[in-house]
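>>> generate a structure from the sequence data that follows.
(one chain, ligands or ions: 1)
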Amino acid sequence: MRIAVIGLGKLGAPLAAVMASKGHDVLGIDINPSAVGLLNDGLAPVEEPGLQALVSASRERLRATTEVAAAAECDVTILLVPTPSDERGAFTNRYLLAALEEVGRGLAGRDAYHVVVVGSTVMPGSCDAQLAPTLERASGRRIGDDLGLCFSPEFIALGNVIRDMLEPDMVLIGESDPRAGDVLEQVYRGVCENDPPFRHMSLVNAELTKIAVNTYVTMKISYANALADMCDRLPGADVEAVTDALGLDTRIGRKYLRGAIAYGGPCFPRDNKAFAVLARDLGAEPFLAEATDAVNVAQTDRLARAVQARLKEGDAVGILGLAYKPDTGLIEESAGMALARALGEAGYDVHIYDPIATAAAASALGATARPATSVAELLERSDVVVIATPWPEFSDLPLDSLRRDGGRKVVIDCWRLISDEAYADSIDIVRLGQALAVSSRV
Ligand SMILES: NC(=O)c1ccc[n+]([C@@H]2O[C@H](COP(=O)([O-])OP(=O)(O)OC[C@H]3O[C@@H](n4cnc5c(N)ncnc54)[C@H](O)[C@@H]3O)[C@@H](O)[C@H]2O)c1
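As a prediction, this is how the structure comes out:
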């Protein structure tokens with residue numbers, strides 16, 4: 001099938017490559033000429049593990065253009081353009097509407113059947129109220145006749161996007177009518193390697209399901225973090241033991257039930273806020289999503305208190321991990337960045353290191369934090385070290401850089417990565433969620 005993917009960013013570029021690797025003829029479209037140029041040169045427009053290999057292997061089925069209306073040459077158009085949050089936390093549709101105007105313009109005067117698929121995250125109700133009317137007006141065609149509209153989001157984790165696209169837990173298809181959804185199911189059946197369940201539903205149900213999934217996951221994370229906060233203060237308590245047993249209950253499950261620190265990234269915080277805005281706008285209870293967010297925001301204070309309780313006058317603090325999770329360089333809303341900001345603004349001497357994100361973090365933090373070029377350099381400069389992102393390499397810290405004459409360095413291990421056997425002789429290890437020393441209880 002001929003498939004256009006509009007928006008060659010963190011999701012669109014991998015999806016274009018995945019579709020091409022499964023034999024589809026793919027036209028990548030972006031208003032950013034540099035993304036288009038890179039793809040036409042056989043280069044991945046974004047960083048994502050496995051993407052370059054897939055682009056290189058599928059070059060003959062992968063072209064790109066800045067001409068959005070050219071999507072009309074294809075059978076299916078998938079839109080993955082940004083939907084930035086407004087000041088209240090609701091997603092905005094202006095990029096989607098701009099792209100749909102162009103796609104509609106391209107479709108006008110053609111009569112071949114075409115399915116337009118919205119993959120971007122939108123406020124529930126957007127397809128029916130805004131996106132469908134725009135597409136119909138711009139194309140002069142009626143949805144349901146020779147034009148279909150679907151809402152089909154990707155459930156992916158950055159750093160694992162390609163695997164998640166090839167082996168999704170489920171495929172969610174909101175559809176204007178069965179024909180449109182069936183065409184899209186046929187496309188995905190040829191792409192998925194794991195025979196996932198498909199769920200077809202109305203557009204609005206699919207829009208709501210998308211943000212409901214992330215909101216449920218963030219609620220689970222905040223629940224585990226609320227437990228971890230209690231374990232910090234309850235002598236002898238260990239959140240790992242509690243959540244490990246809790247997760248064995250099949251009604252609860254183990255995934256994302258690990259008490260540590262705040263969730264971040266480009267999706268979780270804003271999907272949760274949008275869910276609360278939607279509930280409020282509908283006159284429904286927003287409390288669950290708002291509490292999830294409040295618990296998450298409180299994690300920065302909790303961590304900053306644990307650090308401050310161990311810093312002496314003139315001490316330096318080092319933060320290991322600024323990316324919001326391992327295997328990505330994104331620092332958006334990350335726990336490490338929030339901590340660096342809080343400590344920097346409070347006047348502490350802050351040093352930072354991340355395997356990928358040091359430069360981005362240093363540029364965002366400015367003079368309030370000093371970048372290190374390696375784990376060893378950061379450890380040498382710091383009196384108290386915080387492991388804020390669970391990069392695997394942080395479980396194996398260079399002992400020589402941790403030793404020092406006189407007092408012992410403190411490592412605050414938010415993810416309980418480092419072992420007692422290897423380090424307890426040389427440093428003081430503070431594991432969040434495992435009954436902190438009395439001095440940090442505030
Ligand atoms: N990144 C994630 O983890 C993730 C996960 C789930 C859902 N989403 C959703 O997917 C959507 C895309 O996210 P992303 O992270 O890939 O965004 P991104 O910012 O990485 O990429 C978006 C791309 O769209 C292009 N673009 C903007 N307006 C355009 C237009 N009118 N025509 C053509 N191209 C246009 C931009 O130049 C950019 O290359 C968003 O709605 C986001 O909320 C993202």
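>>> what about residue 237, neighbour count?
17 (other C-beta atoms under 10 Å). C-beta coordinates here come from the backbone N, C-alpha and C atoms, glycine included.
>>> look up how far residue 298 lies from it.
In this view, residue 237 and residue 298 are 18 Å apart by C-beta to C-beta, to the nearest Å.
>>> likewise residue 317?
From residue 317 to residue 298 the distance is 20 Å (C-beta to C-beta).
>>> ok, now residue 72?
As for residue 72, its distance to residue 298 is 49 Å (criterion: C-beta to C-beta).
>>> okay, these two: which has more neighbours?
In this view residue 72 and residue 298 are compared by other C-beta under 10 Å, and residue 72 has more residues nearby, 21 against 15.
>>> name the nearest residue to that one, ignoring sequence neighbours.
Closest residue to residue 72 apart from its sequence neighbours, by C-beta to C-beta, 6 or more residues apart in numbering: residue 106 at 3.1 Å.
>>> that neighbour - that's part of a helix, no?
Yes. According to DSSP: H, G, I helix; E, B strand; the rest coil, residue 106 belongs to a helix.
>>> quick one: contacts for it?
Listed by C-beta atoms under 8 Å, 6 or more residues apart in numbering, the contact set of residue 106 reads 68, 69, 70, 71, 72, 73.
>>> and which of the residues you listed is nearest to residue 187?
Nearest to residue 187 among these, counting by C-beta to C-beta, is residue 71 at 14.7 Å.
>>> surely that closest one meets residue 30?
No. Counting by C-beta atoms under 8 Å, residue 71 stays clear of residue 30, with 11.5 Å between them.
>>> identify the contacts common to those two.
residue 6.
>>> what parts of the stretch 151-300 of the chain come near the ligand?
The interface of the stretch 151-300 of the chain toward the ligand, taken as C-beta under 6 Å from any ligand atom, is made up of 153, 154, 156, 158, 266, 267.
>>> you'd agree the fifth one is up against residue 330?
Yes. Distance between residue 266 and residue 330: 6.5 Å, which falls inside the contact criterion (C-beta under 8 Å).
>>> between those two, who's got more neighbours?
residue 330 (20 against 17).
>>> shouldn't the more buried one be in contact with residue 364?
No. Judged on C-beta under 8 Å, residue 330 makes no contact with residue 364 at a distance of 11.4 Å.
>>> need the strands for the stretch 1-150 of the chain, in chain order.
2-6, 25-29, 62-65, 76-79, 114-118, 147-151 (DSSP state E, counting those that start in this stretch).
>>> any weak-confidence spans in this structure?
404-406, 436-442 (pLDDT under 70).
>>> give me the residue from it nearest the ligand.
Closest contact between the chain and the ligand, by C-beta to the nearest ligand atom, is at residue 9 (1.7 Å).
>>> neighbouring contacts of the helix or strand harbouring residue 412?
Here residue 412 sits within strand 410-413, counting by DSSP states H and E. Strand 410-413 has contacts (C-beta under 8 Å, 6+ apart) with 303, 306-307, 310, 383-387, 397, 402, 418, 423, 427-432.
>>> so how do I select the buried members of these in ChimeraX?
The following ChimeraX line selects those of the contacts of strand 410-413 that are buried, judged by 16 or more other C-beta atoms under 10 Å:
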select :303,306,307,310,383,384,385,386,387,397,402,418,423,427,429,430,431,432
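>>> biggest helix in this structure by residues?
helix 203-233 (DSSP state H).
>>> what is that one packed up against?
strand 147-151, strand 171-175, helix 239-246, helix 268-282, helix 287-308 (3 or more C-beta pairs under 8 Å, 6 or more residues apart in numbering; DSSP states H and E).
>>> what's the angle from the second one to strand 147-151?
Relative orientation of strand 171-175 and strand 147-151, computed by axes from the mean of the first three to the mean of the last three C-alpha atoms, to 10 degrees: 130 degrees.
>>> could you list the buried residues of strand 171-175?
Going by neighbour count (16+ other C-beta under 10 Å), the buried part of strand 171-175 is 171, 172, 173, 174, 175.
>>> you'd agree the first one is up against residue 186?
Spelled out, that is residue 171. No. Residue 171 lies out of contact with residue 186 (C-beta under 8 Å); the separation is 11.4 Å.
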